[in-house]
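Asker: Output the structure for:
(chains A and B)
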Amino acid sequence: MTDQTTQTGAIAPQADRSRAASGGFLGLGFRDFRLLMIVVALTLLAPFLLNPFPEGSAMAQFNAGYPDLMQRFVIFGIFAIGFNILFGLTGYLSFGHAAFLGVGSYAAIWMMKLVTTNIIPGIIASIIFAALFAVVVGFISLRRSGIYFSILTLAFAQMSYALAYSVLTPITGGETGLQIKSTDRPFLDNLEPGQIGRANLFGIDMRASQILEVGGWQFTFNVGYYVCAVVMILAFYMAIRIFRSPFGMMLRAVKSNQQRMNYTGLSPKPYTLAAFVISGMYAGLAGGLMVAMDTQVGPERMFWTASGEVVLMTILGGAGTLIGPVLGAGFIKYFENIVSKINSDILHGWFAFLPDGLEDFMVAIVYPFVGKGWHLTLGLMFMAVVIFLPGGLVEGGQRIARLFRRRKAADGATKSAAE
Amino acid sequence: MSKSTFTRRGVLRTGAVAGAGLALPTYLRAQDSGFTNAPGPDSVTLGFSVPLSGPYADEGADELRALELAVEHLNGEGDGGMLQTFSSKALDGTGILGRRVEYVSGDDQTKSDVARATARSMIEKDGAIMITGGSSSGTAVAVQALCQEVGIIFMAGLTHANDTTGKDRKANGFRHFFNSYMSGAALAPILASQYGTDRRAYHLTADYNWGYTTEEAIRASTEAMGWETVNSVLTPLTQTDFSSYIAPVLNSGADVLVLNHYGGNMVNSLTNAVQFGLREASANGKQFEIVVPLYSELMARGAGPNIKGILGSQNWDWKLENELGAKYSGTNAFVQSFGTKYGFPPSQAAHTCYVQTLLYADAVTRAGSFAPCAVVEALKDFEFDGLGNGPTLYRGDDHQCFKDVVVVRGKENPENEFDLVEIVEVTPVDQVTYPPDHPQFGGAEATLGTCNNGA
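Answerer: Below is the predicted model:
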């Protein structure tokens, strides 16, 4: 994360330098390659990293290494990476990105209901449909910039949500959403009568898990998670290439000064539209993966709060940085799924060692911040990050790294002085 | 000068190797019990997925209270509640099959996506063997489908749309709450006797699944007794001001307004209708009337004095046993222990969740196994009494409970804030029973499928 220093600025000359210097692995500079390797390691070892506490211990509450949440981490990571290509590079704040996620999801589930329960065609369809929809929305919305652009995209997303919720009920299932039913007969599969199709990758069930027990610890390796993880690593690699490409440079130019770009004779429109469609495709991919992992779609995933969430993820992690959005996505999903499940019973368990009156007092103080109060905690954290770390969590990481480096440098200095 | 050799990748690599080394003497575990999340010898975990935020947060909070109470009673704490009146005596307050009952709770936000995620985390992380709760048909159908897929029992909470046990019915899912069809069938005779059989109705319907099935049910049963439907208009779920929908009603030639709305929607539309003077108006030479098919105490509290005199139906009411006698035994026992613990009477959402938990525990005990298919077998065509609704049947064809339906009216002079509705009549179960292949319930195509034990 230490290689992000210059990216929040308009143009990163360092990018070119590092690439030129290395010429190296997979077309990435050394630092980018290192970052990619860190992401690869983190995602592949996630079942260990997210389950640091032994099963049955009081801290097991904070374990996040179960398939559903791990899948969500990487899927929303993909969503946020894609959003960041638009927001982080061009500065266009789309407030309706969840619509593409939803379109992708509906495309994928219909592929699974009609064609095959293999996830590949579904995911491809989700990307294609999201891209088509993004072309339409982008073509119209990108006629304006700034707040007007945001409002236009928001309007499109809310429109999609309202359509999916009621008017298009025959296609979208309305409030109830769509699931794979026993009456669905995808024509490429040979299902027995009454059998409910399951999402699979050439016959491997997405729900299949192996559980590894080491002492008191329990680690779950889920097929679906690893499929998502591989897709996210590819998506992340693509994002690095886009960030470092001449195309990425043009996008940064749009962000820094669109007028100047116009005066030099370049039209920003094709670039912004391309960025918009690419990020829409990322959202569609995320939507398709969501369906592949859990074969159901509800219209709520297009609601404006879902669009707002990805903005929060990106800003919380660090807009315009490569790894920031992924961190932000993980952070928010962790709160939503772990902190929201702490109820007063569990709190009483924690403070049971205190005398009765004090126990109740402590529970009363902590309770508003957990369980249904998780929004409050998240809001406070978000405020703190925006005020004290405007560059997001990535900036926090950089500050810590800098602190260590300075200390090391200081050590070195005193040593050499002593010699 | 020394140089540290700790790199991030180095540390991670070492960690991975160490992890693999530690793993060697152990084994990769497979589920060997034959069903998903088989409980250990000491405790069993139930999953309570209820809305704690969003439009139905009040219902959700009340459901959670009742569920906590049910766990207490199952574990032999408190006064036992309905365990004393329940016709099946299998439960003895020692947990379920000798295992202490524990629970996990989560917020489903009344969104089907979130509800699925919450339920999945309960199943995958906490090892929940049964999921209950919820306050919308959308979440109920979504979670029920999930439970069918992974092999868990789903005991639906507050869900009123026909689909839950209609076209979306599942072998692993059960509903105690009544449904749109029953509301229509229960209301129709009362409406005929109160307002006559030559009325003209105007429907305002919330534009989503529950609204559609409710309108369909009310239309079918009122038209069968001679009413005419003048018009029906869909209103967006997010609407808060219904003035523009109410204004045309008076000139439409209708003399009854049916509000197929629930929760905040209903509170707002009813308030608007009363403000427009519909209650005092007369049309076709008759007094204008308003009907709200699905009623609840919580909504009555929201609507305040506007609810006075409005007819609707309920699954259960806390005053049932006091007013209509011992047929509805269990009601007072439950109200007693709920009131002692929380200081106010329970809502019908609380009641249905409490009863569902008891029914599940009882079925497991009678079956002698937690395996979902054994539970399904035990609940199939199960007849019981003493849980507040009188004699009740859990029909095996669609896993729907059949029992009397309460028709209520907003009270003219409420004594306190919990006494806002009065019971008009109870429609006996025979009048609300329908064949399992009824067209409003998916017709002949709808099937439960086969029960799933999971892996």
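
Asker: Assign the nearest residue to residue A:232 once chain neighbours are set aside to one of the three secondary structure states.
Answerer: Distance criterion C-beta to C-beta, 6 or more residues apart in numbering or on different chains; nearest residue to residue A:232, sequence neighbours excluded, is residue A:74 at 4.3 Å. (Glycine included, C-beta is placed from N, CA and C.) State at residue A:74, reduced to three classes by DSSP: H, G, I helix; E, B strand; the rest coil: helix.

Asker: same deal with residue B:257?
Answerer: From three-state DSSP, the assignment for residue B:257 is strand.

Asker: related to what we said a few turns ago, ok, the residue nearest to residue A:232 to residue A:86 distance?
Answerer: For residue A:74, the distance to residue A:86 equals 20 Å [C-beta to C-beta, to the nearest Å].

Asker: Let's see the pLDDT reported for the spatially most central residue of chain B.
Answerer: A centroid search over chain B (C-alpha atoms, centre = their mean) returns residue B:158, at 1.3 Å, as the residue closest to the centre. As predicted, residue B:158 sits at a pLDDT of 92.

Asker: cool, residue A:244 as well?
Answerer: Residue A:244 is assigned 91 on the pLDDT scale.

Asker: Tell me how many other residues surround it.
Answerer: A count of nearby residues for residue A:244, using other C-beta atoms under 10 Å in any protein chain shown, gives 20.

Asker: For chain B, see how far away it is.
Answerer: Counting by C-beta to the nearest C-beta, to the nearest Å, the separation of residue A:244 from chain B is 21 Å.

Asker: does that residue really touch residue A:26, like I thought?
Answerer: No: with contacts counted by C-beta atoms under 8 Å, residue A:244 stays clear of residue A:26, the gap being 11.5 Å.

Asker: Please verify my assumption that residue A:320 contacts residue A:89.
Answerer: Yes: in this structure, residue A:320 is within contact of residue A:89 by C-beta under 8 Å, at 6.9 Å.

Asker: The two: which has the busier surroundings?
Answerer: Comparing residue A:320 with residue A:89 by other C-beta under 10 Å, the one with more neighbours is residue A:89, at 27 against 24.

Asker: That one: which element?
Answerer: helix A:67-90 (DSSP states H and E).

Asker: Which parts of the stretch 201-350 of chain B are helices?
Answerer: Using DSSP state H, counting those that start in this stretch, the helices assigned to the stretch 201-350 of chain B run over residues B:209-224, B:243-246, B:264-275, B:297-303, B:320-324, B:331-342, B:348-367.

Asker: Counting by contacts, list what the fifth one packs against.
Answerer: Applying 3 or more C-beta pairs under 8 Å, 6 or more residues apart in numbering or on different chains; DSSP states H and E, one finds that helix B:320-324 makes contact with helix B:331-342, strand B:421-427.

Asker: Out of those, flag the one nearest chain A.
Answerer: Within these, the stretch nearest chain A is helix B:331-342; the backing value is 13.1 Å (C-beta to the nearest C-beta).

Asker: from the chain's centre, how far out does the closest one sit?
Answerer: 20 Å (C-alpha atoms, centre = their mean, to the nearest Å).

Asker: and the gap between the closest residue to chain A within the stretch 351-455 of chain B and residue B:376?
Answerer: Relative to chain A, the nearest point of the stretch 351-455 of chain B is residue B:449 (4.7 Å; C-beta to the nearest C-beta). Distance, residue B:449 to residue B:376, by C-beta to C-beta: 11 Å.

Asker: OK, contacts around the residue nearest the centre of chain A?
Answerer: Geometric centre of chain A, nearest residue: residue A:77, 2.2 Å, by C-alpha atoms, centre = their mean. Going by C-beta atoms under 8 Å, 6 or more residues apart in numbering or on different chains, residue A:77 touches A:232, A:236, A:325, A:326, A:329, A:330.

Asker: Please indicate which of those has the highest neighbour count?
Answerer: For the contacts of residue A:77, neighbours were counted using other C-beta under 10 Å, and residue A:325 has the most, 34 neighbours in all.

Asker: quick one, what contacts it?
Answerer: When the contact criterion is C-beta under 8 Å, 6+ apart, the partners of residue A:325 are A:77, A:80, A:81, A:83, A:84, A:88, A:313, A:314, A:317, A:318, A:319.

Asker: if we can go back for a sec, any idea which element the residue of the stretch 351-455 of chain B closest to chain A lies in?
Answerer: Residue B:449 belongs to no helix or strand, assigned by DSSP H and E.

Asker: That one and residue A:184 touch, don't they?
Answerer: No: the criterion here is C-beta under 8 Å, and residue B:449 misses it with residue A:184 at 12.0 Å.

Asker: Name the residues contacting each of those two.
Answerer: Joint contacts of residue B:449 and residue A:184 (C-beta under 8 Å, 6+ apart) are residue A:196.

Asker: where in the stretch 301-419 of chain A is pLDDT low?
Answerer: Scanning the stretch 301-419 of chain A with the threshold set as pLDDT under 70 gives A:412-419.

Asker: Nearest to chain B: which residue in it?
Answerer: For the stretch 301-419 of chain A and chain B, the shortest gap (C-beta to the nearest C-beta) falls at residue A:372, measuring 3.7 Å.

Asker: give me every residue that touches that residue.
Answerer: Contacts of residue A:372 (C-beta under 8 Å, 6+ apart): A:340, B:52, B:53, B:57, B:107.

Asker: same question, residue A:207
Answerer: A:67, A:198, A:199, A:222, A:223, A:224, B:149, B:150.

Asker: Strands - which of those land there?
Answerer: Cross-referencing the contacts of residue A:207 against strands under DSSP state E gives residue A:222.

Asker: I'd guessed residue B:57 sits against residue B:51; true?
Answerer: Yes: taking contacts as C-beta under 8 Å, residue B:57 lies within contact range of residue B:51: 5.8 Å.

Asker: quick one: which of those two has more around it?
Answerer: Set residue B:57 next to residue B:51 and count neighbours by other C-beta under 10 Å: residue B:51 wins out with 30 against 17.

Asker: Dihedrals phi and psi, the more buried one?
Answerer: With angles defined as degrees, to the nearest 10, residue B:51 sits at phi -70, psi 120.

Asker: Find the residue closest to it in space, skipping its chain neighbours.
Answerer: Closest to residue B:51 by C-beta to C-beta, 6+ apart is residue B:60, at 3.6 Å.

Asker: What is the burial count for the one you found?
Answerer: If we define neighbours as other C-beta under 10 Å, then residue B:60 has 30 of them.

Asker: so what's it up against?
Answerer: Residue B:60 makes contacts with B:50, B:51, B:52, B:107, B:108, B:110, B:133, B:135, as judged by C-beta under 8 Å, 6+ apart.

Asker: Also residue B:247?
Answerer: Residue B:247 neighbours (C-beta under 8 Å, 6+ apart): residue B:276.

Asker: so what's it scoring on pLDDT?
Answerer: The model's pLDDT for residue B:247 equals 89.

Asker: Next: residue B:105.
Answerer: Reported pLDDT for residue B:105: 88.

Asker: Surely it and residue B:45 touch.
Answerer: No: assessed by C-beta under 8 Å, residue B:105 is found out of contact with residue B:45, at 11.1 Å.

Asker: what does the stretch 351-455 of chain B put close to chain A?
Answerer: Residues of the stretch 351-455 of chain B lying near chain A by C-beta under 8 Å from any C-beta of the partner chain: B:445, B:447, B:449, B:450.

Asker: coming back round to it: closest one of the contacts of residue A:325 to residue B:347?
Answerer: Using C-beta to C-beta, residue A:313 comes nearest to residue B:347 of the contacts of residue A:325, at 36.7 Å.

Asker: what about the closest residue to the closest one other than its chain neighbours, how many residues close to it?
Answerer: The shortest distance from residue A:313 to any non-neighbouring residue, by C-beta to C-beta, 6+ apart, is to residue A:328 (3.8 Å). If you count neighbours by other C-beta under 10 Å, residue A:328 ends up with 31.

Asker: and residue A:328, what helix or strand is that in?
Answerer: Using DSSP H and E, residue A:328 sits in helix A:324-337.
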